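Q: Next input, structure requested:
(one chain, ligands or ions: 2)
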Amino acid sequence: MRRREQAEEVLRHVQKIDALGQLTGGIAHDFNNILHVILGNLEIVERRLNVGESDARSLGRPIQFATRAAEQAAALIRKLLAFGRRQPLDPKPLDVNKLITGMSDMLHRTLGEAIDLEIVLGARLWQTLADANELENAILNLAVNSRDAMPAGGKLTIETTNSYLDETYAVTEESVQPGQYLLIAVTDTGKGMSPATIEKAFDPFFTTKEMGQGTGLGLSQVYGFIKQSGGHIKIYSEEGNGTTIKLYLPRLVASSEVVEEKVIAEGAPARGHAEVVLVVEDHTDARNLAIYGLRELGYEVIDAADGQAALRAIASRPDISLLFTDVGLPGGLDGRQLAEEARQRRPDLKVLYTTGYARNAIVHQGRLDPGVELIVKPFTHAELAARIRDVLGR
Ligand SMILES: Nc1ncnc2c1ncn2[C@@H]1O[C@H](COP(=O)(O)OP(=O)(O)OP(=O)(O)O)[C@@H](O)[C@H]1O
Ligand SMILES: [Mg+2]
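A: Ligands and ions are numbered 1, 2, ... in the order given. Modelled structure (predicted):
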């Protein structure tokens, strides 16, 4: 008996190392490809500049390719963080029917002509507390998987309904709390999955698609998000008979105002009106990028490389309107502590945090602390412009 337990323990360990190997291998493969594209295209720009080329088009193309590759790297990291349940979520009371209705144009475009889309919205659907962007992302991921499983066309049905997971169900499933859930079921008439595929489908980098067709991160991202949101996910599928994926999100009982989705401003980035912004960032290149971008937008910028220097700046410049600070800072004062100290002196000071990876300072139980405004790196110039205006306007 003991020997058998030991053997099982060893087996689990080996499986863990296997999974880790698959994970690191997958990351290395994808990142090296992306870096290769970025570096290669930047080299082209450099070579062209060296021979005196200054035509905007001949330089613009490789810059575009490099940018697109860098965006893919950012997306890859987001997916990995979602799987690791390390994505800082911003859950708000949600009307899921409205969210799905809002996605219908995008879904039609994604699925193409050959696939029929039917949306069946449950009546008097409960509210849930979830991150709207991530939920859209999850539904889109499922739709893309279904599209890929129906190369010759077919039908995709998205259905919402109130649902109850009872004790009997909860005991048969790993880590499910019995109770009231809102169910989103995504069903396709595609090729279906074998039991072996179902077993592995949530593993990061598990894919049955051709090299270059899928990274195998879609379902792992959905899984991580649903778990982090206190929900449950289940695959029902048979080879040749289509697939249903059920997402359960916990019912939000306290009835509260459903927040309106924020309208993302299109067009020229929102400009500043010479407000004074203090940029605190220890990474020199990132700091310079922020300074450059904010000046271009019409802000007056002061900068500091750590918390102590930032406090000195705040003491000497009472006209600072906004503190834009990295969360992780060297020198014993992190961004959160800096903001707290600064606000003792200047209670009206606005704060916008930034980070490459949200740590415990501002994220607890996977959620942003209330009232915290965060922009995650990498972000675009337009995104920064919009957030700074938004925070200054509060
Ligand atoms: N609706 C579906 N029908 C049939 N098989 C599916 C379906 N959804 C997922 N699968 C199977 O599960 C695997 C993993 O799915 P997942 O979304 O995680 O990765 P992927 O789609 O292969 O790649 P990525 O989503 O990163 O582009 C797929 O490769 C496919 O074999
Ligand atoms: Mg996928």
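Q: if I look at the most centrally placed residue in the chain, how far off is ligand 1?
A: The residue lying closest to the centre of the chain (CA atoms, centre = their mean) is residue 78, at 4.6 Å. Distance, residue 78 to ligand 1, by CB to the nearest ligand atom, to the nearest Å: 12 Å. From N, CA and C alone the C-beta is placed, and that goes for glycine too.
Q: Now that residue: which helix or strand?
A: Element membership of residue 78 [criterion: DSSP states H and E] is helix 56-83.
Q: For the helix or strand following that helix, which strands pair with it and how are they oriented?
A: Where DSSP H and E defines the elements, the next helix or strand beyond helix 56-83 is strand 92-94. According to DSSP bridges, strand 92-94 has the following sheet partners: strand 128-130 (antiparallel).
Q: what about the partner strand, distance to the chain center?
A: 16 Å (CA atoms, centre = their mean, to the nearest Å).
Q: as a whole number, average confidence for it?
A: Strand 128-130 carries an average pLDDT of 93.
Q: And stretch 387-394, by the same measure?
A: The model assigns stretch 387-394 a mean pLDDT of 92.
Q: Check stretch 15-35 too.
A: 82.
Q: what does it rub up against?
A: Stretch 15-35 has contacts (CB atoms under 8 Å, 6 or more residues apart in numbering) with 69, 70, 72, 73, 76, 80, 203, 204, 205, 206, 215, 216.
Q: Helices of the stretch 1-150 of the chain, residue ranges please.
A: Assignment of helices within the stretch 1-150 of the chain using DSSP state H, counting those that start in this stretch yields the ranges 2-50, 56-83, 96-111, 132-149.
Q: for the helix holding residue 78, packing partners?
A: helix 2-50, helix 218-228 (3 or more CB pairs under 8 Å, 6 or more residues apart in numbering; DSSP states H and E).
Q: Make a markdown table out of those helices and add mean neighbour count and distance to ligand 1.
A: Converted to a markdown table, the helices and strands packed on helix 56-83 look like this (neighbours: other CB atoms under 10 Å; distance: least, CB to the nearest ligand atom, whole Å):
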| stretch | mean neighbour count | distance to ligand 1 |
| --- | --- | --- |
| helix 2-50 | 12 | 10 |
| helix 218-228 | 23 | 2 |
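Q: Now distance to residue 165 too, for the ones you listed, in a markdown table please.
A: Formatted as a markdown table, the helices and strands packed on helix 56-83 follow (distance: least, CB to CB, whole Å):
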| stretch | distance to residue 165 |
| --- | --- |
| helix 2-50 | 28 |
| helix 218-228 | 13 |
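Q: Nearest to ligand 2, out of these?
A: Closest to ligand 2 of the helices and strands packed on helix 56-83 is helix 218-228 (CB to the ion; 2.6 Å).
Q: isn't residue 173 right up against residue 233?
A: No. Taking CB atoms under 8 Å as the definition, residue 173 is not a contact partner of residue 233, at 10.0 Å.
Q: These two: who's more crowded?
A: Neighbours per residue (other CB atoms under 10 Å) separate residue 173 from residue 233, with residue 233 holding more: 20 against 10.
Q: ok, the more buried one to ligand 2 distance?
A: Applying CB to the ion, to the nearest Å, the value for residue 233 to ligand 2 is 14 Å.
Q: Nearest to ligand 1 within the stretch 251-394 of the chain, name that residue for me.
A: residue 378 (19.9 Å; CB to the nearest ligand atom).
Q: Ramachandran angles for that residue?
A: Here is the backbone geometry of residue 378 (degrees, to the nearest 10): phi -80, psi 140.
Q: Contacts only, for it.
A: Here residue 378 is in contact with 70, 74 (CB under 8 Å, 6+ apart).
Q: try it again with 7 Å
A: Residues in contact with residue 378 (CB atoms under 7 Å, 6 or more residues apart in numbering) are residue 74.
Q: Would you state the helices of the stretch 151-300 of the chain in chain order?
A: Under DSSP H, counting those that start in this stretch, the stretch 151-300 of the chain gives helices at 167-172, 195-200, 218-228, 284-296.
Q: Tabulate the ones you listed in TSV, adding columns for distance to ligand 2.
A: Formatted as TSV, those follow (distance: least, CB to the ion, whole Å):
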stretch	distance to ligand 2
helix 167-172	26
helix 195-200	12
helix 218-228	3
helix 284-296	32
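Q: Out of those, which gets the lowest mean score?
A: helix 167-172 (a mean of 78).
Q: helices or strands up against that one?
A: In terms of contacts (3 or more CB pairs under 7 Å, 6 or more residues apart in numbering; DSSP states H and E), helix 167-172 is not packed against any helix or strand.
Q: and it, C-alpha only, in PDB?
A: In PDB, the C-alpha atoms belonging to helix 167-172 read as follows (Å, rounded to 0.1, in the frame of the first residue of the first chain):
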ATOM      1  CA  GLU A 167     -25.000  19.100  -4.200                       C
ATOM      2  CA  THR A 168     -25.000  15.900  -6.300                       C
ATOM      3  CA  TYR A 169     -23.400  17.800  -9.200                       C
ATOM      4  CA  ALA A 170     -21.000  19.500  -6.900                       C
ATOM      5  CA  VAL A 171     -19.600  16.300  -5.400                       C
ATOM      6  CA  THR A 172     -18.900  14.800  -8.900                       C
END
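Q: contacts for that helix?
A: 176, 177, 178.
Q: Mind pulling the model confidence for the first one?
A: According to the prediction, residue 176 has pLDDT 85.
Q: Am I right that it is in contact with residue 164?
A: No. Using CB atoms under 7 Å, residue 176 makes no contact with residue 164, being 11.9 Å away.
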